[in-house]
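In: coords please:
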Amino acid sequence: MPKTEDISFGYLLNDITLLFRKHFDRRAVKFGLTRAQWRATKMLHHREGLRQTELADFLEMEPIAVGRVIDRLQAAGFVERRPDPKDRRAWRLYTTAQASGVIDDMEHIARELRRECTKGVSYEEMTQAMDVLTRLKENLQALDAAEAPAEREGDAELASSLDEES
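Out: Numbering: from 1, shown residues only. Purely as a prediction, here's the structure:
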């Protein structure tokens with residue numbers, strides 16, 4: 001009897017992602033934003049006042065990488081950093097009027113690409129596919145959570161053995 005683990009789907013998911021990104025980038029190039037910059041701008045547009053570390057969590061990116069994205073967005077006039085009134089060491093992130101002017105156009109590009117990409121796929125099929133993909137993601141995240149304590153334990157053992165050698 002066939003099993004789900006016998007179906008190789010990783011390459012297909014990767015191909016879909018690469019193709020979607022390629023087509024999105026081609027259409028969005030006129031706005032001068034990379035996909036990472038667009039995602040950060042969109043997230044900030046909907047959640048004004050996030051800290052950089054909070055934005056990194058939402059985008060599932062490393063804070064240092066998000067910092068570079070924000071630096072570029074700030075230099076281009078799409079994002080501004082404002083002092084955090086509760087922590088003078090921290091900054092809050094806000095989109096500018098320039099970013100607001102681009103949000104609708106970028107949303108239109110994304111919506112049109114999704115429409116073209118899902119041609120011939122019913123709403124029910126799409127929601128079922130999304131449910132399955134969400135479960136796959138959750139399963140992989142659970143693996144990360146289960147591996148994290150083991151990694152920390154391995155790091156502690158390594159540090160202990162290094163201490164003993166010195």
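
In: hey, which helix or strand in the protein has the poorest pLDDT?
Out: Within the chain, no helix or strand scores below helix 123-165, which has a mean of 80 by mean pLDDT, DSSP states H and E.

In: put the alpha carbons of the strand of greatest length in the chain into CSV.
Out: Longest among the strand segments of the chain by residue count, using DSSP state E, is strand 87-95. Output of strand 87-95 as CSV, limited to C-alpha atoms (Å, rounded to 0.1, in the frame of the first residue of the first chain):
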residue,chain,number,x,y,z
ASP,A,87,13.3,51.9,25.9
ARG,A,88,15.7,54.5,24.8
ARG,A,89,18.0,51.8,23.3
ALA,A,90,15.3,50.5,21.0
TRP,A,91,13.6,51.8,17.8
ARG,A,92,10.1,51.3,16.5
LEU,A,93,9.5,50.9,12.8
TYR,A,94,6.9,52.8,10.7
THR,A,95,6.1,53.0,7.0
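
In: what's downstream of it, the next helix or strand?
Out: Sequence-wise, the next helix or strand downstream of strand 87-95 (DSSP states H and E) is helix 97-117.

In: ok, residues contacting that following helix?
Out: The set of residues that contact helix 97-117 without belonging to it, under Cβ atoms under 8 Å, 6 or more residues apart in numbering, is 20, 23-24, 27-28, 31, 33, 38, 41-42, 44-45, 73, 77-79, 95. Every C-beta, even on glycine, is put in place using the N, C-alpha and C of the backbone.

In: quick one: which of those sit in strands?
Out: Secondary structure assignment (DSSP E) places 79, 95 from these within strands.

In: which among the contacts of helix 97-117 end up buried?
Out: If you count burial by 16 or more other Cβ atoms under 10 Å, the buried members of the contacts of helix 97-117 come out as 24, 27-28, 31, 33, 38, 41-42, 44-45, 73, 78-79, 95.

In: in this structure, where is pLDDT below threshold?
Out: With pLDDT under 70 as the threshold, the chain has low-confidence stretches at 150-166.
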